[in-house]
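In: output the structure for:
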Amino acid sequence: MPTPLKAATTLAAVLLLILTAAAPAQAANPATKPPVSGSLGTYNVTGVYVAGVSSGGYMATQLHVAYSSRIRGAAVFAAGPYYCSQNTVAQALYGCGDNRYPTNVGALQAYTRTWATYGWVDPVGNLSGDPVYVFHGGNDTTVKKSVTDDLVRYYQHFGASVQYDSGSAAGHSWVTPYGTLGCAATASPYLNDCGIDPQNALLRKLLGGVNAPNTGALGGSLIRFSQNTFAVNGWANGLSMDANGYAYVPSACAAGQSCRLLVALHGCVQSAATVGTAFVDRANLNQYADTNNLIILYPQASTSLSNPNGCWDWWGYLGATNFPIKGGAQVETIMNMVRRLDG
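Out: Below is the predicted model of the structure:
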């Protein structure tokens with residue numbers, strides 16, 4: 001028979017195990033750099049890529065398709081195919097989200113081909129062979145899997161090399177080891193920890209290989225710059241964009257080494273105006289930037305009367321029909337930033 005002391009010790013150990021298992025996991029805290037005010041410089045950039053989540057995923061695809069001669073690949077989380085909304089709010093909500101209005105992917109492909117003949121987007125042949133990484137979580141009911149399936153089909157039609165990651169239980173979010181929410185959540189700040197590292201996968205896909213991330217102090221600089229400088233109208237707020245954007249520049253890139261550039265686009269209700277630098281700090285991109293000579297550009301949308309959730313314009317809320325093509329206000333503003341960085 002166990003002694004009372006041994007029994008008490010055993011019971012305490014069991015209770016500790018139960019409490020530990022029940023307690024929510026603490027989010028890993030990444031090393032961060034406080035932003036410093038400055039301006040975007042010009043660097044020795046050898047390739048440009050885009051990535052985004054939710055509305056940022058739709059914007060990433062718009063940038064890639066419109067400027068496929070310059071942008072070499074895309075990573076898209078929780079979004080659907082190019083021009084899914086077809087300039088209609090109802091289609092954006094009910095066709096490109098819960099798929100109540102199924103999207104005609106063939107029609108979207110036809111639009112793309114026609115617009116390429118007009119020069120509104122770059123020749124579709126540029127998309128052939130481009131690396132594309134697509135992520136969809138099993139608990140994402142904001143953008144259903146069938147919608148993201150359409151994105152995969154859209155890209156495959158043009159010959160892109162697509163890697164589709166749909167095996168996790170993620171909610172509608174950017175999944176990162178530094179996520180502050182559980183995997184299945186769909187809630188602010190939409191940064192979920194699923195015990196995986198999709199950034200390693202997406203960078204391997206886009207870049208062809210990737211070095212392990214920097215898990216220590218960051219060696220680069222986080223620059224806070226004026227987006228007004230790059231806004232096509234000179235006033236970012238008038239385009240539902242914040243006055244400031246961010247760019248993480250590794251020290252090697254600042255010293256003149258050849259580097260690649262990744263444009264990272266937050267989702268709705270995820271801009272700095274809403275969640276501060278949570279996406280910038282926790283996207284798990286700056287860590288890889290340090291060890292892979294990779295500049296990360298973080299443009300920032302903002303709220304407005306027509307855009308209360310601070311989304312990127314992928315359905316025409318700015319009132320212009322050219323939002324997904326060359327000349328689109330936000331597309332050109334972001335590309336102006338790319339042009340500065342890329343020289």
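In: and the longest strand along the chain, what does it pack onto?
Out: Identified as the longest strand of the chain according to DSSP state E is strand 45-53. If you count contacts as 3 or more Cβ pairs under 8 Å, 6 or more residues apart in numbering; DSSP states H and E, strand 45-53 packs onto helix 55-66, strand 71-77, helix 198-207, strand 259-265, helix 329-342. Bear in mind the C-beta positions are built from the backbone N, C-alpha and C, glycine included.
In: which among the ones you listed is found nearest to residue 117?
Out: Among those, the nearest to residue 117 by Cβ to Cβ is helix 55-66 (14.0 Å).
In: now the closest one, how far from the chain's geometric center?
Out: Its chain's C-alpha centre and that of helix 55-66 lie 10 Å apart, by Cα atoms, centre = their mean, to the nearest Å.
In: repeat for stretch 157-166
Out: Distance, centroid of stretch 157-166 to centroid of chain: 17 Å (Cα atoms, centre = their mean).
In: buried stuff in it?
Out: Of all the residues in stretch 157-166, those buried under the rule 16 or more other Cβ atoms under 10 Å are 157-158, 160, 162-165.
In: endpoints of that stretch, how far apart?
Out: End-to-end span of stretch 157-166 (Cα to Cα, to the nearest Å): 20 Å.
In: what is the mean pLDDT for it?
Out: For stretch 157-166, mean pLDDT rounds to 98.
In: quick check, residue 222 in contact with residue 285.
Out: No: counting by Cβ atoms under 8 Å, residue 222 sits too far from residue 285 to count as a contact (11.4 Å).
In: taking the centroid of the chain, which residue is nearest it?
Out: residue 52 (1.9 Å; Cα atoms, centre = their mean).
In: that residue is in contact with residue 64, isn't it?
Out: No: contact criterion Cβ under 8 Å: residue 52 and residue 64 do not qualify, at 9.9 Å.
In: and the helices and strands packed on strand 45-53, which is most packed in?
Out: Highest mean neighbour count of these: helix 55-66, a mean of 28 (counted as mean count of other Cβ atoms under 10 Å).
In: what about residue 287, which SS state?
Out: helix (DSSP: H, G, I helix; E, B strand; the rest coil).
In: ok, it to residue 214 distance?
Out: 5 Å (Cβ to Cβ, to the nearest Å).
In: okay, the two: which has more neighbours?
Out: residue 287 (23 against 19; other Cβ atoms under 10 Å).
In: contacting residues for the more buried one?
Out: 30-31, 213-215, 218 (Cβ atoms under 8 Å, 6 or more residues apart in numbering).
In: try residue 234
Out: Taking Cβ under 8 Å, 6+ apart, one finds residue 228 in contact with residue 234.
In: doesn't it belong to a strand?
Out: No: counting by three-state DSSP, residue 234 is not part of a strand but coil.
In: distance of it from residue 263?
Out: Residue 234 is 21 Å from residue 263, by Cβ to Cβ.
In: re earlier: if you count neighbours, what's buried in the longest strand of the chain?
Out: Buried-residue list, strand 45-53, by 16+ other Cβ under 10 Å: 45, 47-53.
In: and those, which is closest to residue 147?
Out: When these are compared against residue 147 (criterion: Cβ to Cβ), the nearest one is residue 53, at 14.0 Å.
In: my guess is the closest one contacts residue 176, does it?
Out: No: Residue 53 lies out of contact with residue 176 (Cβ under 8 Å); the separation is 10.0 Å.
In: show the backbone phi and psi for residue 162.
Out: phi -100, psi 130 (degrees, to the nearest 10).
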